[in-house]
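K.L.:
Sequence below, structure please.
(2 chains, ligands or ions: 1)
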Amino acid sequence: MTIAAAPDLATTLADHRAHGRKLLVPYVTGGMDDQWLVTVEALAGAGADAIEIGLPFSDPMIDGPTVQAASLAALERGTTPAGVLADLGRISPGVPLVVMTYYNLVIRTGHRRMASSLAASGVTGAIVPDLPLEEVGPWADAADAAGVATVLLVAPSTPDERMAAIVERCRGFVYTVGRMGVTGEQRQLAGTALDVAARVKAATSLPVCVGIGISDADQARQVCEVADGVIVGSALVRRLLEGGGVEAAVDFIGGIRRAIDAG
Amino acid sequence: MTAAEGGAAPAIMGDPGAAGRFGEFGGRFVPESLVPACMELEAAFRAAWADPAFRDELSSTLASYGGRPTPVTECPRLSAELGVRVLLKREDLAHTGSHKINNVVGQALLARRMGKTRLVAETGAGQHGVATATAAARYGMACVVYMGEVDTARQALNVFRMELLGAEVRPVTSGSRTLKDAVNEALRDWVATVEDTHYCLGSVMGPHPYPWIVRELQRVVGDEAREQCRVLLGGADPDVVVACVGGGSNAAGTFAGFADATTSALVGVEAAGGAAMANGIPGVLHGMRSNLMQDEAGQILEAESISAGLDYPGIGPEHAHLAAVGRARYETATDAEVLDAFQLLSRTEGIIPALESAHALAWVVRAARAGDDMVRPGATVLITLSGRGDKDVAQVRELLA
Ligand SMILES: Cc1ncc(COP(=O)(O)O)c(C=O)c1O
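P.N.:
Numbers count the residues shown, from 1 in each chain, chains lettered A, B, ... in the order given. All right, here's what the predicted structure looks like:
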């Protein structure tokens, strides 16, 4: 049996958007439990347009307690970047895969080696949050050459001129940080989320997805009135940490899918 | 005249430029949310540092409040014991008992100038936390200090000191629950609070402009010491200048006074259990590219030493650069050597050093006894005594029992 590689991130998201579909990108920490890979496959069936996989790092600076706990659990299970990528190479999720990790893991592996092993595992996008525009060059060049889209972050604090330069170097979609803060659930959508989404929309033709703090179906629906899509991390990871398993993950993401489709 | 002033060669410890680079080290590896804040801080510091009124206020505060200049002390009995002439730069006599006050007064004045009303800080031994809480009290600012849970236990008195000074101490329970995790937590706080908060980073580490700001604010140690040594040594410079290295701020401040202006050998001493130069390889953590203790996958390792202030798996980027260009050399001292040195200085000179500072001393003791090339009989050695040992006395008592 041959395994079909996951589809390309940039072309898939652009295509879905062109068809009027709002984009839903759930996040799962690679290796966080023994069901994580099954969860990834199930999320594709639950309405995800792409899936973000965290390569766990010892010092996840932009992550709040939930993703920190998942990273720690993954590391305690002996998870390595190479192991997560090998696992991803064994599945055929049918939706694009994008990894999120911290720069030290990329440096340790080597820029070109990391880019080519992502590509070999069917991963076509990478988010490295501690690589801002000024520092991203060496990695982004290696990723470009391997056909991996380097997704850059824009934040509420990013001035317009800087935003223009960031979206210029960005590939796949623009990761729009919805609130000033680390990853984690919020009772209410941050006031900054819609503002920054609108500013980024005006600055680029790339799909604009808002992440950090998007916690439920209603918040996702609100964001999608302005943005092209949402990234949902901590709210999903918490359900997995609480032992909800594949079923809870599919339920939760399926609910968000219906909410953003209904508009 | 230094080489830089003559226009011949760039200064060894100069301005790291907009990219914040010290050779291949340094940089600004932070999430986009923090980049504008780092840029704003850099611009504010450049303006303040060029403003004579700011410099005047800083030096007069360090004089009238901080206890500067601190003296350089001859150590006749220790010198006789080691066969080398030992001079100590007495940062233990500065307000709050360590060099940390130099940095925090500067950063608090800068924060005030930027209109910030709240300081956050990380701390290991608690000295930087105490210093930050002190400056916050002095300038009427709110203050939150993140401290690893392991460290709040072994430095309980410093926790109480910070609380007396009006600061809130938040124990950090993530990761190894020591200094590196406190830095993560302070950065996480700052991302969410940048509008009214200044992150008062405690060493020459972190994203640009911090390594540069902290070195400039600590260079008063080296500049004073160089001039004081010239008076004591009839115009000459010490043969060797030694300082302990956690993140590396007392060492960077000391070295800044000597790297370009003298040919003195420079030696930084790390804890053997936290030796980023001896055991680390280049990587990126806490916003900077520098040498880091890490495993094969790139996960950061936990540092472990007798002194909370040196339990850091990295080192300031400028130190990695000074090593790479051969201007400074980095050594290590073991816990056992440090305990010996701690007692030796107490007995021979009546000065109880901080355990951190005792690392610098411990290397000098070993090098002198082993006949190291740098510390030949009769050599003159300046050691920066970064802090006083009061905070460590209870711990040492237990260790020696
Ligand atoms: C007395 C003393 N010396 C040295 C250090 C290490 O810091 P640095 O290497 O930045 O001077 C500390 C840190 O807490 C300290 O308290």
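K.L.:
and residue 170, what is it in contact with?
P.N.:
By default, I'm working from chain A. A:C170 makes contacts with A:T150, A:V151, A:L152, A:T204, A:L206, as judged by C-beta atoms under 8 Å, 6 or more residues apart in numbering or on different chains. Glycine gets a C-beta too; all of them are placed from N, C-alpha and C.
K.L.:
Please refer instead to chain B.
P.N.:
Applying C-beta under 8 Å, 6+ apart, we find B:R170 in contact with B:V144, B:V145, B:Y146, B:M147, B:E185.
K.L.:
Give me the subset of those lying in strands.
P.N.:
For these, the ones inside strands are B:V144, B:V145, B:Y146, B:M147, with DSSP state E as the criterion.
K.L.:
Please report how far A:P96 lies from the ligand.
P.N.:
When distances are taken as C-beta to the nearest ligand atom, to the nearest Å, A:P96 and the ligand turn out to be 45 Å apart.
K.L.:
got a pLDDT number for that residue?
P.N.:
Looking at A:P96, its pLDDT reads 98.
K.L.:
ok, now B:A3?
P.N.:
Turning to B:A3, the model gives it a pLDDT of 43.
K.L.:
which residues touch the residue nearest to the spatial centre of chain B?
P.N.:
The centroid of chain B falls nearest to B:S249 when counting by C-alpha atoms, centre = their mean (2.4 Å). Taking C-beta under 8 Å, 6+ apart, we find B:S249 in contact with B:H99, B:K100, B:N103, B:G202, B:S203, B:V204, B:V214, B:R215, B:Q218, B:G316.
K.L.:
For the stretch 251-400 of chain B, which residues are neighbours of chain A?
P.N.:
Taking C-beta under 8 Å from any C-beta of the partner chain as the criterion, the stretch 251-400 of chain B approaches chain A at residues B:282-287, B:292, B:294, B:296-300.
K.L.:
out of those residues, who's nearest the ligand?
P.N.:
For the ligand, the closest of these turns out to be B:H286, at 13.1 Å, with distances computed as C-beta to the nearest ligand atom.
K.L.:
ok, now which ones touch that closest one?
P.N.:
B:H286 sits in contact with A:D59, A:M61, B:K180, B:V183, B:N184, B:L187, B:M205, B:G206, B:P207, B:G314, where contact means C-beta under 8 Å, 6+ apart.
K.L.:
which one of the residues you listed is nearest A:A197?
P.N.:
Taking C-beta to C-beta as the measure, A:M61 is the one of the contacts of B:H286 closest to A:A197, at 23.8 Å.
K.L.:
Can you name the residue of chain B nearest chain A?
P.N.:
Proximity to chain A, evaluated over chain B using C-beta to the nearest C-beta, is greatest for B:G298 at 3.0 Å.
K.L.:
hey, where'd the helices end up in the stretch 151-300 of chain B?
P.N.:
Ranges of helices in the stretch 151-300 of chain B, per DSSP state H, counting those that start in this stretch, are B:156-164, B:179-193, B:210-232, B:249-256, B:276-279.
K.L.:
which of those is buried the deepest?
P.N.:
helix B:249-256 (a mean of 31; mean count of other C-beta atoms under 10 Å in any protein chain shown).
K.L.:
okay, the angle between that helix and helix B:210-232?
P.N.:
Direction vectors for helix B:249-256 and helix B:210-232, defined by axes from the mean of the first three to the mean of the last three C-alpha atoms, to 10 degrees, enclose an angle of 60 degrees.
K.L.:
Now B:A18: which helix or strand?
P.N.:
With the criterion set as DSSP states H and E, no secondary-structure element contains B:A18; it sits in neither a helix nor a strand.
K.L.:
Leaving out chain neighbours, which residue sits closest to it?
P.N.:
B:E42 (7.8 Å; C-beta to C-beta, 6 or more residues apart in numbering or on different chains).
K.L.:
Any regions of chain B where pLDDT drops low?
P.N.:
Scanning chain B with the threshold set as pLDDT under 70 gives B:1-8.
K.L.:
could you redo the last one with a cut-off of 80?
P.N.:
The model of chain B has pLDDT under 80 over residues B:1-9.
K.L.:
For it, which segments are assigned as strands?
P.N.:
According to DSSP E, the strands that chain B contains are B:21-22, B:25-26, B:72-74, B:85-90, B:118-123, B:142-148, B:168-172, B:197-199, B:240-244, B:265-271, B:281-285, B:288-292, B:328-333, B:380-385.
K.L.:
any residues touching the first one, and which ones?
P.N.:
When contacts are defined by C-beta under 8 Å, 6+ apart, strand B:21-22 is touched by residues B:P16, B:G27, B:H208, B:P211, B:P317, B:E318, B:A320, B:H321, B:L322.
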